[in-house]
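Colleague: Quick one, fold the following:
(2 chains)
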Amino acid sequence: MSAPLLDIQGLNIAMRLARGGRLPIVNDLSLTLQAGDTVGIVGESGSGKSLLSLAVMGLLPPAAVVSGRILFEGRDLLSLDDDGMSEIRGRRIGMIFQEPMTALNPAMTVGDQIAEGLVRHEKLSWNAARDRAVELLDRVRIPDPKARASAYPHQMSGGQRQRVGIAIAVAMRPALMIADEPTTALDVTVQAEVLEILDDLCQRESMALMLISHDLGVIARMCARTLVLYAGRRMEEGATRAVLTGPLNPYTKGLLRAVPRRRADDGPLETIPGSVPGFARLPAGCVFSDRCLDVVAACQAGEPAWTSPLPGRGVRCIRAGEEVSA
Amino acid sequence: MTALLLRRSASLFLTLLAVSGLIFLVMQVLPGDPAAIMLGTSASADTLAALRQELGLDQPMLVRYLQWIGGLASGDLGTSITYGVPVAGLIGERLAVTLPLAFIAILLSVAIALPLGVLSAAKRNGPVDYIAGFVSQLFIAVPGFWVGLLLALVFAVKLGVMPSGGFPGWQAGFGPALQALVLPAIALALQQAGVLTRVTRSAVAEVLGEDFVRTARAKGLPKRVTLWRHAVRNALVPVVTILGLQFTFLIAGAVLIENVFNLPGLGRLAYQALTQRDLVVMQDVVMFFAGLVILVNFLVDMSYLILDPRLREASR
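Modeller: Below is the predicted model:
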């Protein structure tokens, strides 16, 4: 197998606190993506998903302290300065953001916002780049793209704006696309179409996709592989179908139970008891132990190691072995 | 957009009318009879009455008001009591000094404040930010006329490289005329620059935290391009607003500074008219200043439509 496209090794992200000290958020995170791979990263809000994507983009807030390695096309992104990162951002790694309402510049036409990256990276003239922007708008299925290119973001609906966001991200045909909750802010009817456009473009351009979502349905639809995060730690990883049909970690099971579905008995919606604890108040041992339904005394003794009880699967739970043999 | 323009023009007109009424009323309650001041204390009651009649002071208030604004509308501002010449010509003459002075001062304050404010916002809590913060506080705290005196002392009296005051007139050539305006313009500009730096810094800092700035960075734009093309562009509305509001202070400052530097501008004209009880000139100059301020704020409102495309729709 050739060298992976993205190889994250032992990534730790901590936030420097105003009153001194550091608060660790992401801990010992590793993840490998081959070219064209699609991986979904799932977890509740506050699980460190977004920080992970910003770390790959080199756009972490100044208060963040990072260690570990993020190898992309063989280069360690964490060792690059901002100029070096600017060469990769947009050109080799594209990113789609969560809020289409605020992610576009209100004072610039959408055509220019798409063209901008092309002017910067492909050294096109503004006119040539604007023509390309019209083509890109057409590819994300904006009707009448020539006229819409000179529209401002506020003249578009949320779904259209998110499609502009996609057009910006795919403009330079990056090798890796990071989408951070790309459909969370959209109406359900619009979600499906935006996902289809994204899926279609990723396949046609053979882009690898790192999709961040709290929505298991979106992940199941878009991603071959799934990584489950909780409190900045990997809880489980594997082929999406395998993880969703045979979860090994009680946290993944809880997430699956909490997916609303139509049922005959019309019972109350399942939830995971409690909420994600603040990073400053994590329980001893396994970080999920205070909410886990299968907790035993040994869970609090120490943080469980990352193990691979089945080929292609990874899990962080001391009781995962029982699950496999059962 | 044209509808908005019409609506704003109508309100501009009504504001001017209201202001003219207010100015007229204030002039009426000001102590001192212009006729008595012109003639001195030894004048007889008959000559006083004759002069009052000649000046129209014996007419009812409403008639005098209507005569005044009727004159304003037709460009006849009356005749100065002390100078004995038409006030319109007087204002025009003085405007040739005050307008360039104000223009240079605004230009100067923007040239100082914009880069300083943007740089402070981009490098928040860095050394540049602290120095800029200190400098702008200093600019705000020190009165303009004192800065003017200091500048005159250093550059005119001690170094002798600049004129200490007076104005040679534009007919003396562009160079000497401009030179006479440089020191007063600096004195006027510093306080404005101080306020504007603070506003620019906070406006740009706020925009830098917006999602679209992150989108711009994610495209691979360098920090510098992101800062100017995306952040500063979207921070201009509050900056222009403050610039418009400060115009009032600029006019007030000009009255002082023109007296410090002995410049024959509108501010000095207003001051002289006040000390000599030339109510006709006073009334016209104050009205002119008020009109100027209202006009500037109208232009600021209109500039929002250029600066923020969202307002173009909202205003339809």
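Colleague: from here on, contacts and neighbour counts on C-alpha atoms
Modeller: Will do.
Colleague: B:V195 versus the residue of the stretch 101-250 of chain A found nearest chain B, what's the distance?
Modeller: The stretch 101-250 of chain A approaches chain B most closely through A:A103 (4.2 Å), counting by Cα to the nearest Cα. The gap separating A:A103 from B:V195 is 31 Å, by Cα to Cα, to the nearest Å.
Colleague: Give the burial count for the residue of the stretch 101-250 of chain A closest to chain B, as a bare number.
Modeller: Each residue near A:A103 was counted by other Cα atoms under 10 Å in any protein chain shown, and the total is 21.
Colleague: Who's the closest spatial neighbour of it, skipping the chain neighbours?
Modeller: Of all residues beyond its chain neighbours, the one nearest A:A103 is B:F212 (4.2 Å), with distances taken as Cα to Cα, 6 or more residues apart in numbering or on different chains.
Colleague: which residues sit in contact with the one you found?
Modeller: With contacts defined as Cα atoms under 8 Å, 6 or more residues apart in numbering or on different chains, B:F212 is in contact with A:102-105, B:230.
Colleague: Please indicate which of these are buried?
Modeller: Buried subset of those (neighbour count, 16 or more other Cα atoms under 10 Å in any protein chain shown): A:102-105, B:230.
Colleague: So which bits of the helix or strand of chain B with the lowest mean pLDDT are buried?
Modeller: Least confident helix or strand of chain B, by mean pLDDT, DSSP states H and E, is helix B:34-39 with a mean of 74. Buried residues in helix B:34-39, counted by 16+ other Cα under 10 Å: B:34-36, B:38.
Colleague: same thing with stretch B:243-251?
Modeller: Applying 16+ other Cα under 10 Å to stretch B:243-251 flags B:243-244, B:246-248, B:250-251 as buried.
Colleague: just checking, A:M235 is part of a strand?
Modeller: Yes: counting by DSSP: H, G, I helix; E, B strand; the rest coil, A:M235 is found in a strand.
Colleague: what residues are up against it?
Modeller: A:227-229, A:249, A:251-252, A:315-317.
Colleague: And the pLDDT at it?
Modeller: Looking at A:M235, its pLDDT is 94.
Colleague: dump the residue contacts of the residue most central in space within chain A.
Modeller: Nearest to the geometric centre of chain A sits A:I212, at 2.4 Å (Cα atoms, centre = their mean). Shown in contact with A:I212 (Cα under 8 Å, 6+ apart): A:40-42, A:49-50, A:178-181.
Colleague: Residue numbers of the stretch 1-150 of chain A in contact with chain B?
Modeller: Taking Cα under 8 Å from any Cα of the partner chain as the criterion, the neighbours of chain B within the stretch 1-150 of chain A are A:57, A:59, A:82-83, A:85-91, A:94-95, A:97, A:99, A:102-107, A:117, A:120-121.
Colleague: now, which of those residues lie within strands?
Modeller: A:94-95 (DSSP state E).
Colleague: All the helices of the chain, residue numbers only.
Modeller: As the question left the chain open, I've gone with chain A. A:49-57, A:82-88, A:110-121, A:126-139, A:145-148, A:158-170, A:188-204, A:216-222, A:240-245, A:250-257, A:320-325 (DSSP state H).
Colleague: you looked at the wrong chain, it should be chain B
Modeller: Here chain B has its helices, by DSSP H, at B:2-29, B:34-39, B:45-55, B:61-74, B:87-122, B:127-141, B:144-151, B:174-208, B:211-218, B:223-225, B:233-260, B:266-275, B:279-307, B:309-314.
Colleague: Mind checking those for the one nearest to A:V276?
Modeller: Closest approach to A:V276 among the helices of chain B (Cα to Cα): helix B:211-218, 25.2 Å.
Colleague: Please name the spatially closest residue to residue 194 (chain neighbours excluded).
Modeller: You didn't say which chain, so I picked chain A. Residue nearest to A:V194 in three dimensions, not counting chain neighbours: A:R163, with 6.7 Å by Cα to Cα, 6+ apart.
Colleague: ah, no, chain B please
Modeller: B:S136 (4.0 Å).
Colleague: residue closest to the middle of chain B?
Modeller: Closest to where the C-alpha atoms of chain B average out (Cα atoms, centre = their mean) is B:I251, at 3.4 Å.
Colleague: need the contact list for it.
Modeller: By Cα under 8 Å, 6+ apart, the contact list for B:I251 reads B:102, B:267, B:289.
Colleague: Ok, A:Q203 next?
Modeller: A:Q203 sits next to A:G36 when contact means Cα under 8 Å, 6+ apart.
Colleague: mind checking pLDDT for it?
Modeller: pLDDT recorded at A:Q203 is 90.
Colleague: could the contacts of B:F212 go into a markdown table alongside pLDDT and distance to B:D46?
Modeller: Listed next are those as a markdown table, based on pLDDT from 0 to 100; distance: Cα to Cα, whole Å:
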| residue | pLDDT | distance to B:D46 |
| --- | --- | --- |
| A:T102 | 92 | 77 |
| A:A103 | 95 | 79 |
| A:L104 | 96 | 77 |
| A:N105 | 96 | 74 |
| B:H230 | 95 | 73 |
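Colleague: so which of those residues comes closest to B:S11?
Modeller: Using Cα to Cα, these come closest to B:S11 at A:N105, 32.2 Å.
Colleague: Contacts only, for the closest one.
Modeller: A:N105 neighbours (Cα under 8 Å, 6+ apart): A:113, A:153, B:212-213, B:230.
Colleague: 7 Å instead, please
Modeller: Listed by Cα atoms under 7 Å, 6 or more residues apart in numbering or on different chains, the contact partners of A:N105 are B:212, B:230.
Colleague: Would you report the backbone torsion angles of it?
Modeller: Backbone geometry at A:N105, expressed as degrees, to the nearest 10, gives phi -70, psi 120.
Colleague: try B:P60
Modeller: The phi/psi pair for B:P60 (degrees, to the nearest 10) is phi -60, psi 160.
Colleague: which other helices and strands contact the lowest-mean-pLDDT helix or strand in chain A?
Modeller: In chain A, the helix or strand scored least confidently by mean pLDDT, DSSP H and E is helix A:320-325, which has a mean of 75. Applying 3 or more Cα pairs under 7 Å, 6 or more residues apart in numbering or on different chains; DSSP states H and E, we find helix A:320-325 packed against no helix or strand.
Colleague: And the contacts of it?
Modeller: Contact partners of helix A:320-325, identified using Cα under 7 Å, 6+ apart, comprise A:248-249, A:309.
Colleague: What residues sit buried inside it?
Modeller: Residues A:A320 are the ones in helix A:320-325 that count as buried (16+ other Cα under 10 Å).
Colleague: Likewise for stretch B:256-267?
Modeller: Of all the residues in stretch B:256-267, those buried under the rule 16+ other Cα under 10 Å are B:256-261, B:263-267.
Colleague: so can I have a markdown table of the residues you listed showing distance to B:L119 and pLDDT?
Modeller: What follows is the buried residues of stretch B:256-267, written out as a markdown table (distance: Cα to Cα, whole Å; pLDDT from 0 to 100):
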| residue | distance to B:L119 | pLDDT |
| --- | --- | --- |
| B:L256 | 32 | 90 |
| B:I257 | 30 | 92 |
| B:E258 | 33 | 92 |
| B:N259 | 35 | 90 |
| B:V260 | 34 | 90 |
| B:F261 | 33 | 91 |
| B:L263 | 35 | 92 |
| B:P264 | 38 | 92 |
| B:G265 | 36 | 92 |
| B:L266 | 36 | 92 |
| B:G267 | 35 | 90 |
